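1. What follows is a predicted structure for the sequence shown.
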Amino acid sequence: MSGEGKEPQAIRKLRPGKLVIASHNQGKVREIRALLAPYGIEPVSAGELDLPEPEETGTTFVANAELKAMQAADLSGLPALADDSGMCVEALGGDPGIFSARWAGPTKDFTIAMQAVEDKLSAIDPAPTRAAHFVCALALAWPDGHVEWFEGRVDGTLVWPPRGDRGFGYDPMFLPEGGTQTYGEMDPSEKHATSHRADAFKQLVAAIF
Ligand SMILES: O=c1nc[nH]c2c1ncn2[C@H]1C[C@H](O)[C@@H](COP(=O)(O)OP(=O)(O)OP(=O)(O)O)O1
Ligand SMILES: [Mg+2]
């Protein structure tokens, strides 16, 4: 049993209060709420606080997660958790990577983004590996300006056509290693146990809870 006396200051600050989820992506907010649920934290989303969506000017997942978390902590005066994530396709040199959201265009249509990935892959001759991985960088920013970050990853392959409508983003074309169901077909609780986001969360929880 983990005694109360061993708790770091961080959790005592988080538990009674609010944590801003510095994301405007409803799919992510839903997953992060589920991942935080066992810890008794009341998250409030950037959308609920009417926080602006910052321009993601970083060149790495971690840099973008940091800038989103720091802006939300600064504007809200609350601790803020941001997630910058994306899908990296080996045969495309890691694309779409940090541009994963931007490939879906201004209407955030992932049918278009998945088609763009498939078109680029199928244009390569001879047919390349369909290996891909998701990355999730989490940044936790405190109102005093201190930031902690964690990076998770999950490997898989890309299927075509896309399968399932249970996830978000590129989930319907991503088959995690060793699985038979795409992240679009899988029960969300199973995705939460195995995903890049789950991997990063395990590290965050080990560090601060
Ligand atoms: O588990 C995932 N399953 C499928 N697709 C995913 C996942 N995780 C990230 N992705 C893709 C779609 C997402 O739109 C983009 C992240 O881009 P990213 O800038 O981090 O997020 P975003 O712009 O959608 O919301 P926000 O920046 O407000 O958190 O990568
Ligand atoms: Mg974004």
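-> Looks like it arrived, so ask away. Ligands and ions are numbered 1, 2, ... in the order given.

2. near ligand 1, which residues of the protein?
-> Neighbours of ligand 1 within the chain, by C-beta under 6 Å from any ligand atom: 23-25, 28, 53, 56, 68, 83-87, 100-101, 134, 167-171, 183, 195, 197. Glycine gets a C-beta too; all of them are placed from N, C-alpha and C.

3. Confirm for me that Ala22 is in contact with Asp84.
-> No. The criterion here is C-beta atoms under 8 Å, and Ala22 misses it with Asp84 at 9.9 Å.

4. Mutual contacts of those two, please.
-> Listed as contacting both Ala22 and Asp84 by C-beta atoms under 8 Å, 6 or more residues apart in numbering are Lys68.

5. More neighbours: which of the two?
-> Ala22 (33 against 29; other C-beta atoms under 10 Å).

6. what's the more buried one in contact with, if anything?
-> Ala22 sits next to 46, 51, 68-69, 71-73, 80-82, 141 when contact means C-beta under 8 Å, 6+ apart.

7. now these as JSON lines including distance to Leu36 and secondary structure?
-> Output for these, formatted as JSON lines (distance: C-beta to C-beta, whole Å; DSSP: H, G, I helix; E, B strand; the rest coil):
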{"residue": "Ala46", "distance to Leu36": "15", "secondary structure": "coil"}
{"residue": "Leu51", "distance to Leu36": "18", "secondary structure": "coil"}
{"residue": "Lys68", "distance to Leu36": "17", "secondary structure": "helix"}
{"residue": "Ala69", "distance to Leu36": "15", "secondary structure": "helix"}
{"residue": "Gln71", "distance to Leu36": "20", "secondary structure": "helix"}
{"residue": "Ala72", "distance to Leu36": "15", "secondary structure": "helix"}
{"residue": "Ala73", "distance to Leu36": "16", "secondary structure": "helix"}
{"residue": "Ala80", "distance to Leu36": "13", "secondary structure": "strand"}
{"residue": "Leu81", "distance to Leu36": "8", "secondary structure": "strand"}
{"residue": "Ala82", "distance to Leu36": "14", "secondary structure": "strand"}
{"residue": "Ala141", "distance to Leu36": "16", "secondary structure": "strand"}
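
8. can you put the residues you listed in CSV and add pLDDT?
-> Output for the contacts of Ala22, formatted as CSV (pLDDT from 0 to 100):
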residue, pLDDT
Ala46, 92
Leu51, 94
Lys68, 97
Ala69, 97
Gln71, 96
Ala72, 95
Ala73, 94
Ala80, 95
Leu81, 97
Ala82, 98
Ala141, 96
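
9. circling back to that earlier point, just the buried subset of the residues of the chain next to ligand 1, written out for PyMOL, thanks.
-> Those of the residues of the chain next to ligand 1 that count as buried under 16 or more other C-beta atoms under 10 Å are selected in PyMOL with:
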select buried, resi 23+24+25+28+56+68+83+84+85+86+87+100+101+134+167+168+169+170+171+183+195+197
